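**Student:** build me a model:
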Amino acid sequence: MNTTDTTDTTQQNESAPTAGLLAGKIAFITGAGRGIGAAAARLFAREGASLLLAARTEAELKAVTEQVRAAGGTAEYVVCDLADATSVRAAVDRAVQLYGRMDLAFNNGATITPPGPVDQVPEADFDHLYAVNLRGPWLAMAAEVAAIRATAGTGAIVNNSSVGSLKANPELPAYGAMKRAVNSLTESAAVTFGPEGIRVNAIAPGGTLTEMIRTWEGHSPGLVERITARSPLRRAADPAEIAEAAAWLLSDRASYVNGTVLRVDGGSLA
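**Tutor:** Model (predicted):
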């Protein structure tokens, strides 16, 4: 009869410190100057990743980079305009120049235009949303896949979509349309690059307390209250909560998750 007591060993294993979720990974984040992107930068660094942060506004990027470094993380930044193909490709190349490879990418950057029904969306607004919110992630994914393939060999990409892409979006019809197209690109890329070991997924956040939603609230008073009322949790999300979902999808713990659009909406579409 084996009388060895395994209780201590089990307790030790359960309490033993583990490596960070993204330990040793090189991660590229767009829209990293504020909101979900900035929260992702802080979280990914805490979880062990070395970062290249990209956005249009250098002052914001510099501030987030300094926050990450002050907390003991590793981060650099590059100014990048998602509407400019050359800028996007140069930013991805910069990650490889700095760190020698790319493992992960979070395509979070996006823009918003004033709300209004389909027939009142100015053509210029539609074109701007297309350039940043759809063409930008497409350009980024193409460059990221090439970088991962040429360096790390395998990796993961997460695109930031929206619950507004999963249903009618009468207040922001063009925004919702671009995000729905991002879902399609995500699924197609997952099928295309999955055989190489490059996973591609998306998150679809619900109402999240970012500057974007505060801008929308300014045009549509009571918006946050309406969003909160639709959530079974009766609150909006903090950007850090959305970043957690992105981190998990990028991590090896989600190794069999590919081609999904993960709702992070507090149950508002349940």
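**Student:** roughly how far does the closest residue to residue 154 other than its chain neighbours sit from residue 149?
**Tutor:** Nearest non-adjacent residue to residue 154, counting by Cβ to Cβ, 6 or more residues apart in numbering: residue 197, 3.4 Å away. Every C-beta, even on glycine, is put in place using the N, C-alpha and C of the backbone. Per Cβ to Cβ, to the nearest Å, residue 197 is found 9 Å from residue 149.
**Student:** low pLDDT regions in this protein?
**Tutor:** The chain contains residues with pLDDT under 70 at 1-18.
**Student:** quick one: the helices in the stretch 151-270 of the chain, in order.
**Tutor:** 173-193, 211-219, 223-230, 239-250 (DSSP state H, counting those that start in this stretch).
**Student:** for those helices, which one ends up most surrounded?
**Tutor:** helix 239-250 (a mean of 22; mean count of other Cβ atoms under 10 Å).
**Student:** so it versus helix 211-219, what angle?
**Tutor:** Counting by axes from the mean of the first three to the mean of the last three Cα atoms, to 10 degrees, helix 239-250 lies at 140 degrees to helix 211-219.
**Student:** please name every helix or strand in contact with the helix or strand where residue 62 lies.
**Tutor:** Per DSSP states H and E: residue 62 is located in helix 58-70. Helix 58-70 is packed against helix 35-46, strand 50-55, strand 74-79, with contacts defined by 3 or more Cβ pairs under 8 Å, 6 or more residues apart in numbering; DSSP states H and E.
**Student:** looking at the helices of the stretch 151-270 of the chain, which is closest to residue 102?
**Tutor:** Evaluated over those, closeness to residue 102 peaks at helix 239-250, with 11.9 Å, by Cβ to Cβ.
**Student:** who touches that closest one?
**Tutor:** 21-22, 25, 27, 35-36, 38-40, 42-44, 47, 104, 106, 108, 156-158, 160, 199, 201, 203, 205, 208-210, 254, 257, 260, 262, 264 (Cβ atoms under 8 Å, 6 or more residues apart in numbering).
**Student:** try stretch 135-143
**Tutor:** Contacts for stretch 135-143 (Cβ under 8 Å, 6+ apart): 30, 82-83, 85, 88-89, 92-93, 105, 107, 109-110, 157, 159, 182, 185, 189, 200.
**Student:** hang on, the earlier thing: could I get the helices of the stretch 151-270 of the chain as CSV with distance to residue 140?
**Tutor:** Listed next are the helices of the stretch 151-270 of the chain as CSV, based on distance: least, Cβ to Cβ, whole Å:
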stretch, distance to residue 140
helix 173-193, 11
helix 211-219, 18
helix 223-230, 28
helix 239-250, 14
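**Student:** how about those helices, which one is nearest residue 127?
**Tutor:** With Cβ to Cβ as the criterion, residue 127 lies closest to helix 173-193 of these, at 9.4 Å.
**Student:** for the closest one, C-alpha coordinates in PDB please.
**Tutor:** Only the C-alpha atoms of helix 173-193 are listed here, as PDB (Å, rounded to 0.1, in the frame of the first residue of the first chain):
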ATOM      1  CA  PRO A 173     -23.900  52.300 -39.300                       C
ATOM      2  CA  ALA A 174     -20.600  52.800 -41.100                       C
ATOM      3  CA  TYR A 175     -18.600  52.000 -38.000                       C
ATOM      4  CA  GLY A 176     -20.600  48.800 -37.500                       C
ATOM      5  CA  ALA A 177     -20.100  47.900 -41.100                       C
ATOM      6  CA  MET A 178     -16.400  48.300 -41.000                       C
ATOM      7  CA  LYS A 179     -16.100  46.200 -37.800                       C
ATOM      8  CA  ARG A 180     -18.300  43.500 -39.300                       C
ATOM      9  CA  ALA A 181     -15.900  43.400 -42.300                       C
ATOM     10  CA  VAL A 182     -13.000  43.100 -39.800                       C
ATOM     11  CA  ASN A 183     -14.800  39.900 -38.400                       C
ATOM     12  CA  SER A 184     -14.800  38.500 -41.900                       C
ATOM     13  CA  LEU A 185     -11.200  39.300 -42.500                       C
ATOM     14  CA  THR A 186     -10.400  37.700 -39.100                       C
ATOM     15  CA  GLU A 187     -12.200  34.500 -40.000                       C
ATOM     16  CA  SER A 188     -10.600  34.300 -43.500                       C
ATOM     17  CA  ALA A 189      -7.100  34.900 -42.100                       C
ATOM     18  CA  ALA A 190      -7.600  32.300 -39.400                       C
ATOM     19  CA  VAL A 191      -8.400  29.700 -42.100                       C
ATOM     20  CA  THR A 192      -5.600  30.800 -44.400                       C
ATOM     21  CA  PHE A 193      -2.800  31.000 -41.800                       C
END
